[in-house]
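Student: just coords:
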C-alpha cells in the first residue's frame with residue numbers, strides 16, 4: 001500500500017500515476033494505492049479537504065475536474081472501475097462513493113451534494129434465485145448529470161441515472177431508476193414527485209423579507225434542459241468504459257466527457273416518463 005499525504009510522497013510513487021500532481025492540494029487528506037496501473041488525474045484547482053481516495057486493485061481511474069469549491073470525498077475504487085467528477089460541484093459534508101465489480105460513477109458539473117450521501121455500484125453481496133440458482137443482483141454503474149441537487153442522507157444505488165436539472169430529495173433511496181431532467185424525486189423507494197421544475201443555488205437560511213420577495217421569479221431558462229443532437233446517452237459512455245483494456249484507455253474516454261461542455265449533454269426530457277419504454281437507456 002502506497003500512501004500519499006504530501007507532494008514529497010508523490011515523488012516516490014511507483015507503478016501508479018498522478019497526472020497533474022502540480023494542480024493537487026492536500027489538506028488533511030490522503031491517497032492510497034493498493035494495486036498498480038491506477039491513475040489519479042487532476043485538472044487545475046483540485047483541493048482535497050478531509051478526503052480519502054482509495055485504489056483497491058488495478059487499472060482504476062479517478063478523474064477530478066477543475067473546482068472552485070473544495071473536494072470533500074471518501075472514494076473507494078476497486079479493480080478496473082472509474083470515478084469521474086466534473087467542474088464546480090459543491091459538496092456540503094463528505095461525499096461517499098464505492099465502486100465495485102468494474103463499474104463506474106460519472107458525475108457532471110455544477111451539482112449540489114448535501115450531507116451524508118452515499119453512491120454505490122453494488123449491493124455488494126450476492127443474491128441468487130432459489131429456482132434457477134442464478135445470480136440476480138448484478139452490479140451496475142451510476143451516472144449523474146449537470147446541475148443536480150441531491151438532498152441530505154440520500155442513497156444513490158446501482159444502475160441509477162440522474163439527468164441534468166433534477167432533484168433527489170433528502171433521505172431518498174434511488175436504485176436503478178432513470179430520473180429525467182427537471183423532475184423531483186423522493187422517498188424509499190424513490191418516486192417522481194413533480195415534473196417541469198428547476199432549482200437555483202441561493203440558500204434561504206438567513207434571508208430577510210426583502211430577499212424572499214426579490215426571488216419570487218427567475219427570468220432565465222438556464223436550468224431547463226432538453227435533449228438535442230449533442231445529448232449523449234449514459235449507456236454509450238458506460239459501454240466505452242467497460243470495453244477499455246487499461247486505465248490509460250479509460251482516461252482517454254473520460255477526457256472526452258470532460259471536453260463535452262454542451263448544456264444538454266446529459267439531458268432526458270421529462271415528458272418521456274409518460275411514454276411506454278421509459279427505461280429505454
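Tutor: Structure received. Bear in mind that the values here come from a model prediction, so they are computed numbers and not experimental data.
Student: where does the chain dip in pLDDT?
Tutor: Within the chain, the stretches falling below the threshold (pLDDT under 70) are 272-281.
Student: the longest helix belonging to it: which residues count as buried?
Tutor: In terms of residue count, the longest helix belonging to the chain (DSSP state H) is helix 247-259. Neighbour-count burial for helix 247-259, counted by 16 or more other CB atoms under 10 Å, picks out 247, 250, 251, 253, 254, 257, 258. For glycine as for every other residue, the C-beta is placed from the backbone atoms N, C-alpha and C.
Student: turn those residues into JSON lines, columns for distance to residue 6.
Tutor: Below are these laid out as JSON lines (distance: CB to CB, whole Å):
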{"residue": "247", "distance to residue 6": "23"}
{"residue": "250", "distance to residue 6": "27"}
{"residue": "251", "distance to residue 6": "24"}
{"residue": "253", "distance to residue 6": "30"}
{"residue": "254", "distance to residue 6": "26"}
{"residue": "257", "distance to residue 6": "30"}
{"residue": "258", "distance to residue 6": "27"}
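Student: and the residues you listed, which is closest to residue 180?
Tutor: Lowest distance from residue 180 to those (CB to CB) belongs to residue 257, with 20.2 Å.
Student: ok, that closest one touching residue 84?
Tutor: Yes: contact status for residue 257 versus residue 84: in contact at 6.2 Å, counting by CB atoms under 8 Å.
Student: intersection of neighbour lists for these two?
Tutor: residue 106 (CB atoms under 8 Å, 6 or more residues apart in numbering).
Student: what's the local residue count around residue 230?
Tutor: Residue 230: 12 surrounding residues under other CB atoms under 10 Å.
Student: Three-state assignment for it, please.
Tutor: For residue 230, the assignment made with DSSP: H, G, I helix; E, B strand; the rest coil gives coil.
Student: isn't it up against residue 261?
Tutor: No: using CB under 8 Å, residue 230 is not in contact with residue 261; the gap is 9.8 Å.
Student: could you measure from residue 11 over to residue 18?
Tutor: With distances taken as CB to CB, to the nearest Å, residue 11 is found 10 Å from residue 18.
Student: show me which of these two is the more surrounded one.
Tutor: residue 18 (22 against 9).
Student: looking at this, that one is in a strand?
Tutor: Yes: counting by three-state DSSP, residue 18 is part of a strand.
Student: ok, residue 110 touching residue 89?
Tutor: Yes: applying CB under 8 Å, one finds residue 110 in contact with residue 89, separated by 6.8 Å.
Student: tell me which of these two has more neighbours.
Tutor: Each of residue 110 and residue 89 has its neighbours counted (other CB under 10 Å); residue 89 has more, 23 against 16.
Student: so what's the more buried one closest to, chain neighbours aside?
Tutor: residue 111 (4.7 Å; CB to CB, 6 or more residues apart in numbering).
Student: swap in residue 116?
Tutor: residue 153 (4.5 Å).
Student: what separation is there between residue 183 and residue 162?
Tutor: 10 Å.
Student: higher neighbour count, these two?
Tutor: Per other CB under 10 Å, whichever of residue 183 and residue 162 has more neighbours is residue 162, with 31 against 22.
Student: burial measure for residue 15, as a count.
Tutor: Residues near residue 15, counting by other CB under 10 Å: 11.
Student: hmm, residue 36 and it touching each other?
Tutor: Yes: in this structure, residue 15 is within contact of residue 36 by CB under 8 Å, at 3.8 Å.
Student: can you name the residues that contact residue 197?
Tutor: Going by CB under 8 Å, 6+ apart, residue 197 touches 167, 182, 183, 184.
Student: now residue 236: which helix or strand?
Tutor: helix 234-243 (DSSP states H and E).
Student: distance between the ends of stretch 89-102?
Tutor: This stretch, stretch 89-102, spans 24 Å end to end (CA to CA, to the nearest Å).
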